[in-house]
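Colleague: this one's sequence-less:
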């Protein structure tokens with residue numbers, strides 16, 4: 001991985017902007033070990049000045065990052081070193097934050113590039129000296145709006161940079177044949193032409209493209225038929241005020257349905273799901289909380305996922321009823337991103353709803369509020 005060392009150590013000598021440029025509206029994506037952010041459109045900050053020595057103004061990756069994470073980052077004279085809770089300062093034998101702009105490697109500091117409206121900025125975890133960290137990224141192009149159940153086309157490309165050319169190594173993009181796009185109703189494989197067909201359910205979705213050890217790419221969007229109550233639309237055929245007034249007291253919580261993971265699905269090794277998502281039917285009094293329970297049985301060794309620590313913990317007795325529940329909020333179109341893809345084992349994923357009248361889901365139904373699946 002010598003090429004990474006060259007790219008990170010030869011760029012501008014100071015993280016200082018010589019000629020400030022006006023602000024620009026750009027997108028910022030972060031792919032770290034634990035800090036992950038789908039492309040988010042922001043207006044670059046007017047200027048930044050960090051204790052580590054980073055200081056610049058105008059439309060640059062540094063000022064875009066500042067807006068994307070509300071200033072929660074730090075950097076020295078040569079690089080970005082910390083983004084929120086994840087630090088990767090450039091030291092011998094250590095990792096770093098690599099910078100790509102519009103899908104091309106940028107050989108310089110986060111203040112050296114002048115951004116224009118619509119530019120795409122990517123920071124990802126890389127390592128110039130060891131085998132950990134991601135290699136060059138895979139890029140994903142997909143719609144941010146969709147119709148539930150209607151397939152649409154996504155495009156994925158691999159970035160390859162000729163680091164033998166100094167000081168401005170050129171990057172090329174080629175179809176990411178064989179890459180996997182998850183987050184839809186079923187995983188999709190990118191073909192030789194760099195495209196695949198993806199279908200999503202109603203509500204928010206996040207598509208994630210992975211290809212070997214490349215830095216993944218993701219696109220967040222929302223699907224609606226225009227009258228289902230998702231993505232800011234209004235639910236059709238709502239009860240009239242009179243019907244609500246005379247209706248019997250609400251004694252049953254709404255049903256929440258798991259989407260994206262099919263009942264009985266068998267995932268290959270290394271292909272386990274990472275995103276858990278679903279949608280909840282309208283509730284008469286409104287949703288107060290949605291809770292998940294995820295348990296694993298790996299050859300008789302059983303564990304339950306703890307949402308507080310974001311880790312699996314061993315349980316003495318196997319069976320989903322011995323697992324612990326954790327909240328994913330009250331959004332009817334809920335989504336939860338696991339720290340990593342699920343590994344080997346037999347899994348049971350349950351979802352229950354607590355409504356504002358205090359009702360709670362009493363029974364779980366296979367294929368809707370409960371799915372059982374395995375990972376080889």
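Modeller: Received the coordinates, thanks. Computed from a predicted structure; not experimentally measured.
Colleague: From now on I want contacts and neighbour counts done on CA atoms only, so please keep to that.
Modeller: Fine.
Colleague: and the gap between the nearest residue to residue 66 once chain neighbours are set aside and residue 57?
Modeller: Closest residue in space to residue 66, ignoring its immediate chain neighbours: residue 45 at 6.5 Å, by Cα to Cα, 6 or more residues apart in numbering. Going from residue 45 to residue 57 by Cα to Cα, to the nearest Å gives 8 Å.
Colleague: what is in contact with the two at once?
Modeller: Taking Cα atoms under 8 Å, 6 or more residues apart in numbering as the contact rule, residue 45 and residue 57 both touch residue 63.
Colleague: Name the residue in the two with the higher neighbour count.
Modeller: residue 45 (25 against 22; other Cα atoms under 10 Å).
Colleague: List the contacts of the more buried one.
Modeller: Neighbouring residues of residue 45 by Cα under 8 Å, 6+ apart: 23, 57, 58, 59, 63, 64, 66, 67.
Colleague: for this structure, what spans make up the helices?
Modeller: Applying DSSP state H to the chain gives helices spanning 2-9, 61-68, 241-246.
Colleague: Packing partners of the second one?
Modeller: The one in question is helix 61-68. Packing contacts for helix 61-68, counted by 3 or more Cα pairs under 8 Å, 6 or more residues apart in numbering; DSSP states H and E, involve strand 25-31, strand 36-43, strand 47-49, strand 55-57.
Colleague: Contacts for the third one, please.
Modeller: Same thing as strand 47-49. Defining contact as Cα under 8 Å, 6+ apart, one finds that strand 47-49 is touched by 54, 55, 56, 57, 58, 62, 63, 66.
Colleague: Grab the nearest non-local neighbour of residue 85.
Modeller: Nearest non-adjacent residue to residue 85, counting by Cα to Cα, 6+ apart: residue 35, 7.1 Å away.
Colleague: Repeat that for residue 349.
Modeller: Setting aside the residues directly before and after it, residue 349 is nearest to residue 294 in space (Cα to Cα, 6+ apart), at 4.6 Å.
Colleague: Residue 65 too?
Modeller: Here the residue nearest residue 65, using Cα to Cα, 6+ apart, is residue 28, at 6.7 Å.
Colleague: Quick check: the gap between the one you found and residue 76.
Modeller: According to Cα to Cα, residue 28 and residue 76 sit 20 Å apart.
Colleague: what's the answer for residue 155, then?
Modeller: For residue 155, the distance to residue 76 equals 36 Å [Cα to Cα].
Colleague: Around residue 308, count how many other residues there are.
Modeller: When neighbours are counted by other Cα under 10 Å, residue 308 registers 8.
Colleague: Share the number of residues neighbouring the spatially closest residue to it that is not a sequence neighbour, please.
Modeller: Spatially, and ignoring its direct neighbours in sequence, residue 308 is nearest to residue 326 (7.6 Å; Cα to Cα, 6+ apart). Using other Cα under 10 Å, residue 326 has 17 neighbouring residues.
Colleague: Does residue 350 touch residue 293 like I think?
Modeller: Yes. Counting by Cα atoms under 8 Å, residue 293 is a contact partner of residue 350 at 5.1 Å.
Colleague: Looking at the two now, which is surrounded by more residues?
Modeller: Using other Cα under 10 Å as the criterion, residue 350 and residue 293 rank with residue 350 on top: 25 against 22.
Colleague: Export the contacts of strand 47-49 as CSV, with columns for pLDDT.
Modeller: Putting these into CSV (pLDDT from 0 to 100) gives the following:
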residue, pLDDT
54, 88
55, 91
56, 92
57, 93
58, 93
62, 96
63, 96
66, 96
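Colleague: From those residues, pick the one nearest residue 340.
Modeller: The shortest gap between residue 340 and any of those belongs to residue 66, at 26.1 Å (Cα to Cα).
Colleague: contacting residues around the closest one?
Modeller: 44, 45, 48, 72, 73.
Colleague: Residue 302 now?
Modeller: Applying Cα under 8 Å, 6+ apart to residue 302 gives the contacts 295, 296, 314, 315, 316, 317, 318, 319.
Colleague: measure it to residue 309 for me?
Modeller: Residue 302 sits 17 Å away from residue 309, going by Cα to Cα.
Colleague: same check, this time on residue 191
Modeller: Look at residue 191 and residue 309: by Cα to Cα, they are 38 Å apart.
Colleague: got it, and residue 115?
Modeller: Distance from residue 115 to residue 309, by Cα to Cα: 38 Å.
Colleague: more neighbours, those two?
Modeller: For residue 115 versus residue 309, neighbours defined as other Cα under 10 Å are more numerous around residue 115 (25 against 8).
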